[in-house]
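Chemist: how would this look folded up:
(chains A and B)
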Amino acid sequence: MASDDIYILGINMTKFGKYPDKDTVDLAAEAVIAALADGGVTMRDMGVLAAGCLMGQGGIGQQIQKQVGQTGIPVYNVSNACATGATALRTAIMAIKAGECDMGLAVGVEKLAGVGLLGGGGSPKSKSKEWTPSGRFGSVTNTDGLLGTATMPGTFAQVGMEYGHKYGGATFELFAKISEKNHAHSTLNPLAAYTKRMSLEEIMNDIMISYPNTRPMCSANCDGAAAAVVVSGAKLRTLSKEQQRRAIKVSASILTSDPYQEACQVLPDVNTLTRIAAKQAYEQAGVSPSDLDLVELHDCFATAELVHYDNLMLCEEGGAVDFFNSGATWRDGSTPVNVSGGLESKGHPIAATGIANIWEVCHHLRGEAGPRQIEGAKVGMAHVIGLGSACGIHILEKSAL
Amino acid sequence: MTVTQVPLVDYLVLGDSPHLTANECTACGARFFDRRNACASCFATDFKKVKIATDGVVRSFTIVTFAAPGVPVPFAAVIVDCGGTSVRANLVNVEPTPETVTLGMKVRLATYSLGTDDNGTEAIGFGFEPA
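Modeler: Numbers count the residues shown, from 1 in each chain, chains lettered A, B, ... in the order given. Sure, this is the predicted structure:
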């Protein structure tokens, strides 16, 4: 292991679900304590803490410290939409890369159970009915619902339909089949919020949220936390053989935002920045898409999973529909995607997601995934995207030991 | 008494031939509908107003059946390619169903009244209708 390599030493996710009696600090502390124990280290070993809780009031990192250990280390509270967890991890990695410390901690937590629809809405501009232009568009009233939709299910529905317009074949049934796959995968994941297998008919006949996304095709709002301990190669060499054996190499850690494209300020462009991040990640890791034994990608909606097959170059450009129909992304296929059940069934406690998907990949690379183990997994990818936009991609590799 | 009209957004131009306008970067041609500080594509700061084509093609859509409180559903939200400039709007004057709304359908700009406020000012909104 090279001195400047980065490894995941310890990692943990809580079960995702409903925790009426626990607050965000409780959940984050549970993940942190377990991640430290998993890595065989303590808060005393940490040189940096990066923490995120998108819907929180700020200062989540310090609140967590006050429960798990206040050692005076720098704390970075990060916020980057659905890429918040990946951003926290990348912040800790950057601190190690910069030589400021040799071990760091990243944690993401969210309480979203029962929150309901995200995005859109907004309050009326004034109490009295008076058409007065204001804001960047000089609008006289809230335009959500008048000029398209700002809801997350609607936005990502359009992302998927746009792919269909460009390449064809992206039908309601196809998107529902993607959801069917992820719900089937979830039955093997005891930490998923929902583990019920659903038939194609059940999915298509469920409540329509924003065509073509029905309710089970949307990510599940739930509570949860995930935390990871990262370490430099140099430091890892001083640790035990068992720690070295279970450590997972971070072969690529990438974060991008969306470069200007026509229409990107009209409908968020989740494609360009993902494609750029993927290209950078493959180059940094020195691997190709065909080397990936499993991929956890950001299926915040079934319509999103389709476009990311293409953006992550798991298939030929324009070939995502055929790629899915070939069975490639089922757990027994050539490129298993979202064997955790994905955000549609595992759940999507926003800031936790970007570390929980790393946990899933590490679990397989360590050979510890039990009944849902992808046999012989050596290389995996974790991808998240936050609207606005931010894309985080990590490529992970099994220890050489 | 003449009723004063005000557009829903300042990039909707009312009058005999209603149309949308954009702020076009004089350096690179990138178009924006909002008030600008600089160009997101080339960072220049000079813009001119340009008229956007009123005919277009539906590039993407969704039929929203769940929205924030106070937003009437269902409605069809569309992204319309108006001669190379993308516009976000609702589809109007057609039932919002997967059978009636299709990718690639030809549409044109249409305006409608959003009602009159306490001062007698009428707001005019826009959408796209089948062409």
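
Chemist: going forward, measure contacts and count neighbours with C-alpha atoms only.
Modeler: Noted.

Chemist: What about the residue nearest to B:Ala53 when sequence neighbours are not counted, how many residues nearby?
Modeler: In this structure, B:Ala53 finds its nearest non-sequential neighbour in B:Cys82, 5.4 Å apart by C-alpha to C-alpha, 6 or more residues apart in numbering or on different chains. The number of residues packed near B:Cys82 is 19, by other C-alpha atoms under 10 Å in any protein chain shown.

Chemist: Quick one, grab the pLDDT at B:Cys82.
Modeler: Looking at B:Cys82, its pLDDT is 98.

Chemist: Quick check: it touching B:Ile52?
Modeler: Yes. B:Cys82 lies in contact with B:Ile52 (C-alpha atoms under 8 Å); the separation is 6.8 Å.

Chemist: And for the residue of the stretch 201-350 of chain A found nearest chain B, the neighbour number?
Modeler: Residue of the stretch 201-350 of chain A nearest chain B, by C-alpha to the nearest C-alpha: A:Ser210 (4.4 Å). Per other C-alpha under 10 Å, the neighbour tally for A:Ser210 reads 30.

Chemist: mind checking which helix or strand it is in?
Modeler: Assigned by DSSP states H and E, A:Ser210 belongs to strand A:208-211.

Chemist: Contacts for that strand, please.
Modeler: With C-alpha atoms under 8 Å, 6 or more residues apart in numbering or on different chains as the test, strand A:208-211 has contacts from A:153-154, A:157, A:172, A:214-215, B:62-66, B:98.

Chemist: What residues does the stretch 101-250 of chain A have near chain B?
Modeler: When proximity is defined as C-alpha under 8 Å from any C-alpha of the partner chain, the stretch 101-250 of chain A approaches chain B at A:117, A:120-122, A:128-131, A:133, A:136-141, A:144-149, A:151, A:154, A:157-159, A:161-162, A:165, A:208-212.

Chemist: Return the members of these classed as buried.
Modeler: Buried residues within these, defined by neighbour count using 16 or more other C-alpha atoms under 10 Å in any protein chain shown: A:120-121, A:130-131, A:133, A:137-141, A:144-149, A:151, A:154, A:157-159, A:161-162, A:165, A:208-212.

Chemist: show me what contacts the closest residue to the residue of the stretch 201-350 of chain A closest to chain B other than its chain neighbours?
Modeler: Nearest non-adjacent residue to A:Ser210, counting by C-alpha to C-alpha, 6+ apart: B:Val64, 4.4 Å away. Contacts here follow C-alpha under 8 Å, 6+ apart; on that basis B:Val64 touches A:149, A:154, A:209-211, B:73-77.

Chemist: Which ones among those map onto strands?
Modeler: A:209-211, B:75-77 (DSSP state E).

Chemist: Nearest to B:Asp46 among these?
Modeler: Nearest to B:Asp46 among these, counting by C-alpha to C-alpha, is B:Ala77 at 31.6 Å.

Chemist: Tell me how many other residues crowd the closest residue to A:Val379 other than its chain neighbours.
Modeler: Excluding the flanking residues, the one nearest A:Val379 by C-alpha to C-alpha, 6+ apart is A:Glu397, at 4.6 Å. The local packing of A:Glu397 (other C-alpha under 10 Å) involves 26 other residues.

Chemist: check contacts around A:Glu397.
Modeler: A:Glu397 touches A:248-251, A:365, A:378-380, counting by C-alpha under 8 Å, 6+ apart.
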